[in-house]
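Visitor: Whatever this is, show me its structure:
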Amino acid sequence: MATRIKMLLSLAICAVLALVHLPFTTAGGGEVAAPFDYKKALHSSLLYFEAQRSGRLPHNQRVKWRGHSGLADGLQQGVDLVGGYYDAGDNVKFGLPMAFTVTMLSWSAMEFADDITAAGEWRHVLEAIKWGTDYFVKAHTEPYVLWAEVGDGDTDHYCWQRPEDMTTSRQGYDNWFLRRGANPNVVIGAIVGGPDHLDRFRDRRDNYMQTEACTYNTAPMVGIFAHLHGETAIMKKS
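Guide: Predicted structure coming up:
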């Protein structure tokens, strides 16, 4: 498992390197390297996780336009499921994608600790990991019970609401397989959005199927941006 995660990180780094280091042609026909601020990208990626927080937000919350939400999660089943991360643009808390998210954040912290520290983001990475792991500990209410989902994907995806104002079901589910058929969020895990079948990508606000920000897509980028920031700093010194 650890080898597969490392391979995934390596492939993601190679893909990003291939994209961001592509030269572009100037009006005079010359090629120059496209500038990119990896430190800012890393900073923004970690801010995104704070924007995705569910539950009672801490006093040091940096994304001030977000408020407490999902404070009654699990109440219907008599358990405390407050906390964790919202999946993406919706307000459901899917256990498997969230677990992938925290796993990738943890591996990023392990593999690129020096780069993350140099960028001044070490504490924020640890806080992002702890926000997820605290929720998983809470969701494991009994030896053989793990609450794998809060909210209903079907009804939630029909209703566009801020999590602070949501009125959709916040029921918790502790046995996915007895609930309904496979959900793409669980089967696919981290693969959502991106180019279409003709390899086209349109960065438009209304093109939510391809541009929706997701926790499990952003998590691997934390390590990637940290590593690229570190490499860039070394090149500047040389």
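Visitor: who's in contact with stretch 56-67?
Guide: Leu47, Glu50, Ala51, Arg53, His68, Leu71, Val82, Gly83, Glu164 (CB atoms under 8 Å, 6 or more residues apart in numbering). Quick note: C-beta positions are derived from backbone N, CA and C, even for glycine.
Visitor: Can you give me the distance of the third one to Tyr158?
Guide: If I follow you right, that is Ala51. Note on Ala51: its distance to Tyr158, by CB to CB, to the nearest Å, is 22 Å.
Visitor: Which of these two has more residues huddled nearby?
Guide: More crowded of Ala51 and Tyr158, by other CB atoms under 10 Å: Ala51, with 14 against 9.
Visitor: Please identify which helix or strand holds the nearest residue to the more buried one once chain neighbours are set aside.
Guide: In space, and not counting its chain neighbours, Ala51 is closest to Val63: 4.6 Å by CB to CB, 6 or more residues apart in numbering. In this structure, Val63 is located outside every helix and strand according to DSSP states H and E.
Visitor: burial measure for Val63, as a count.
Guide: 13.
Visitor: Let me see the backbone angles for it.
Guide: Backbone torsions of Val63, given as degrees, to the nearest 10, read phi -90, psi 90.
Visitor: Please report the distance of it from Leu46.
Guide: Counting by CB to CB, the separation of Val63 from Leu46 is 10 Å.
Visitor: Can you check which residues contact both of those two?
Guide: Common contact partners of Val63 and Leu46 (CB under 8 Å, 6+ apart): none.
Visitor: helices or strands up against the longest helix seen in the chain?
Guide: Longest helix of the chain, by residue count under DSSP state H: helix 215-237. Where contact means 3 or more CB pairs under 8 Å, 6 or more residues apart in numbering; DSSP states H and E, helix 215-237 is packed against helix 2-20, helix 38-51, helix 95-111, helix 113-118.
Visitor: and with 10 Å instead?
Guide: Secondary-structure packing of helix 215-237 (3 or more CB pairs under 10 Å, 6 or more residues apart in numbering; DSSP states H and E): helix 2-20, helix 38-51, helix 95-111, helix 113-118, helix 122-139.
Visitor: helices or strands up against the shortest one?
Guide: If you count contacts as 3+ CB pairs under 10 Å, 6+ apart, helix 113-118 packs onto helix 38-51, helix 95-111, helix 122-139, helix 215-237.
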